[in-house]
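> Sequence first, predicted coordinates after that:
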Amino acid sequence: MKEENTYQICTHCVMDTSDPDISFDEKGVCSHCHHYDTFYKNIYPFNLSLEQRKSEFSKIVDEIKSARSYKKYDCIVGLSGGVDSSYTAFKAKQLGLNPLAVHLDNGWDSEHAVKNIELLVRKLDIDLYTHVIDWDEFRDLQKAFFKSSIIDIEILTDHAIFAVIYQLAKKHGIMHFISGVNFSSESTMPAAWYSGSKLDAGLIKSINKKFGTKKKLRTFPTVSFMTFLRDFPALKRVDLLNFIDYDYHKAKQLLINELGWIDYGLKHYESVFTRFYQGYILPEKFGIDKRRAHLSSLVYSGQMTREEALSKLEQDKYETELLRQDREFLLKKLNFSEEEFAKYLKEPGKSYTKFNSYTRLLDENILVKAIIKTAAFIKKPFNKLFKLS
């Protein structure tokens, strides 16, 4: 175990004591490395050989296609314009699926992200639904999350896109959600670096009620905890990239070569807000360099050596001029003064458990009885749940 206030970095990956819960063995190998070896390598589909995974996935693709007969779309995919989601859409189309692509426009898309999405849907010939968030309400909600001082201010966008995907799947009778989640490039994320569950609408409402000026959300997409428990087993999530030999860098190069996709730099930097959050707010306020988690994931999956990862960490997280532009843009767009933002950066971070949230209630077993009552609905067929003809 690490000693209090003693810095240590893993001898195998690049995770370090910026994760307060990390531990090390006698050889200096961290708990994240051990977790990858003992957990991820032994769960489905990673407990299968690559050939077995491909065979399993072939059956899943046939199942998805067989449900197409009376519907326009056989699956739904989220599309941010980043590498993982773009490659997922590419592979879905290559496999002969007919996906409905869904994008959440939260007002922070970079120019590159917009161009990438336009290129993808045109060249892949897939339909795109873009949900444009009400900016006045979302700005107020984002400012409320800044005032809360919790670490995961990105939970808003993550929750909203999931809610929109759920609503559209229900509307169109789509039974399969093709996800870009993958363990090859994102298997590591310390619990201390995020705020419970991304599905926690209770946390969003609690923070809005305490710090927002619009105490009741009118249009922001949410999905309740109980709705998720009752309905989501009918919407089957398929993590496509976990069934193939997914190489992040090769996927990026393929997108560039075949689709004219534009490289925007680091992982998740297709959003200006995400770029500023990961590249400036996390290091300045919380002492976290999120690149460590992303690079360590690539080390685990054999796509990068530790030496290469360390070299990447030595590079600047932000170009000086881009940082200046993004900071100026964010403050103006959110109506933040320099004084307000400086105060936010200096204020200590708070745990999400300080607020009412479904995650906290689960941890305290308050929702157990409600979950048991809801469990009876989980086995209902999808068409009965959603009253489809």
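Structure received. Numbering: from 1, shown residues only.

> Please make it C-alpha for all contacts and neighbour counts, starting now.
OK.

> Spit out the contact partners of the residue nearest the centre of the chain.
Residue closest to the mean C-alpha point of the chain, counted by CA atoms, centre = their mean, is Asp158 at 5.8 Å. The neighbourhood of Asp158, defined by CA atoms under 8 Å, 6 or more residues apart in numbering, consists of Lys198.

> And the pLDDT at it?
With respect to pLDDT, Asp158 scores 93.

> Kindly provide the distance from it to Glu56.
Distance from Asp158 to Glu56, counting by CA to CA, to the nearest Å: 29 Å.

> Then Glu137?
From Glu137 to Glu56 the distance is 44 Å (CA to CA).

> And these two? Which one has more around it.
Legend: neighbour count by other CA atoms under 10 Å for Glu137 and Glu56, higher for Glu137 (17 against 14).

> which residues of the stretch 1-150 of the chain score low on pLDDT?
For the stretch 1-150 of the chain, residues meeting the criterion pLDDT under 70 lie at 1-5, 69-70.

> Helices of the stretch 51-200 of the chain, start to end?
83-94, 111-124, 135-148, 155-172, 183-186 (DSSP state H, counting those that start in this stretch).

> For Arg68, which of those is the nearest?
helix 155-172 (11.2 Å; CA to CA).

> That closest one to helix 135-148, inter-axis angle?
Interaxial angle of helix 155-172 relative to helix 135-148 (axes from the mean of the first three to the mean of the last three CA atoms, to 10 degrees): 140 degrees.

> Make 614 the starting number, not 1.
Okay, using 614 as the starting number, the last item reads as helix 768-785.

> can you pull the buried residues of helix 768-785?
768-770, 772-779, 782-783, 785 (16 or more other CA atoms under 10 Å).

> Looking at those, which is nearest Asp813?
Closest approach to Asp813 among the buried residues of helix 768-785 (CA to CA): His772, at 7.6 Å.

> Show me where the stretch 814-963 of the chain has its helices.
Ranges of helices in the stretch 814-963 of the chain, per DSSP H, counting those that start in this stretch, are 814-824, 838-844, 861-872, 885-889, 904-913, 919-927, 933-946, 951-959.

> so can I have JSON lines of these showing distance to Thr619, mean pLDDT and mean neighbour count?
Shown next, in JSON lines, are those (distance: least, CA to CA, whole Å; pLDDT from 0 to 100; neighbours: other CA atoms under 10 Å):
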{"stretch": "helix 814-824", "distance to Thr619": "33", "mean pLDDT": "94", "mean neighbour count": "20"}
{"stretch": "helix 838-844", "distance to Thr619": "39", "mean pLDDT": "65", "mean neighbour count": "16"}
{"stretch": "helix 861-872", "distance to Thr619": "33", "mean pLDDT": "93", "mean neighbour count": "15"}
{"stretch": "helix 885-889", "distance to Thr619": "29", "mean pLDDT": "94", "mean neighbour count": "20"}
{"stretch": "helix 904-913", "distance to Thr619": "18", "mean pLDDT": "94", "mean neighbour count": "23"}
{"stretch": "helix 919-927", "distance to Thr619": "20", "mean pLDDT": "96", "mean neighbour count": "14"}
{"stretch": "helix 933-946", "distance to Thr619": "31", "mean pLDDT": "96", "mean neighbour count": "13"}
{"stretch": "helix 951-959", "distance to Thr619": "23", "mean pLDDT": "96", "mean neighbour count": "13"}
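
> I'd like these as a markdown table, with distance to Phe758 appended.
As requested, the helices of the stretch 814-963 of the chain are exported to a markdown table (distance: least, CA to CA, whole Å):
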| stretch | distance to Phe758 |
| --- | --- |
| helix 814-824 | 7 |
| helix 838-844 | 20 |
| helix 861-872 | 32 |
| helix 885-889 | 13 |
| helix 904-913 | 23 |
| helix 919-927 | 28 |
| helix 933-946 | 14 |
| helix 951-959 | 11 |
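
> And the ones you listed: which comes nearest Asn969?
Across those, closest to Asn969 is helix 814-824 (CA to CA), at 5.6 Å.

> that older thread, and the residue nearest to the centre of the chain, how far from Pro658?
In terms of CA to CA, Asp771 sits 25 Å off from Pro658.

> do the same with Ser970
Distance from Ser970 to Pro658, by CA to CA: 32 Å.

> thinking Ala726 is in contact with Gly695, fair?
Yes: with contact defined as CA atoms under 8 Å, Ala726 counts as touching Gly695 (7.0 Å).

> list the residues that contact both of those two?
Shared contacts of Ala726 and Gly695, defined by CA under 8 Å, 6+ apart, are found at Glu883.

> if we can go back for a sec, quick check: which of the helices of the stretch 814-963 of the chain is nearest to Ser644?
helix 904-913 (12.1 Å).

> I'd like to know how far Phe833 sits from Phe824.
16 Å.

> actually Glu724, not the one I wrote
31 Å.

> Equivalent analysis for Ser837, please.
For Ser837, the distance to Phe824 - CA to CA - is 21 Å.

> cool, Ser631 as well?
28 Å.

> Could you do Asp860 as well?
42 Å.

> before we move on, what about Asp675?
Taking CA to CA, one finds Asp675 at 48 Å from Phe824.

> Same question for Pro834.
Pro834 is 19 Å from Phe824, where distance means CA to CA.

> Ok, His648 next?
Distance from His648 to Phe824, by CA to CA: 37 Å.
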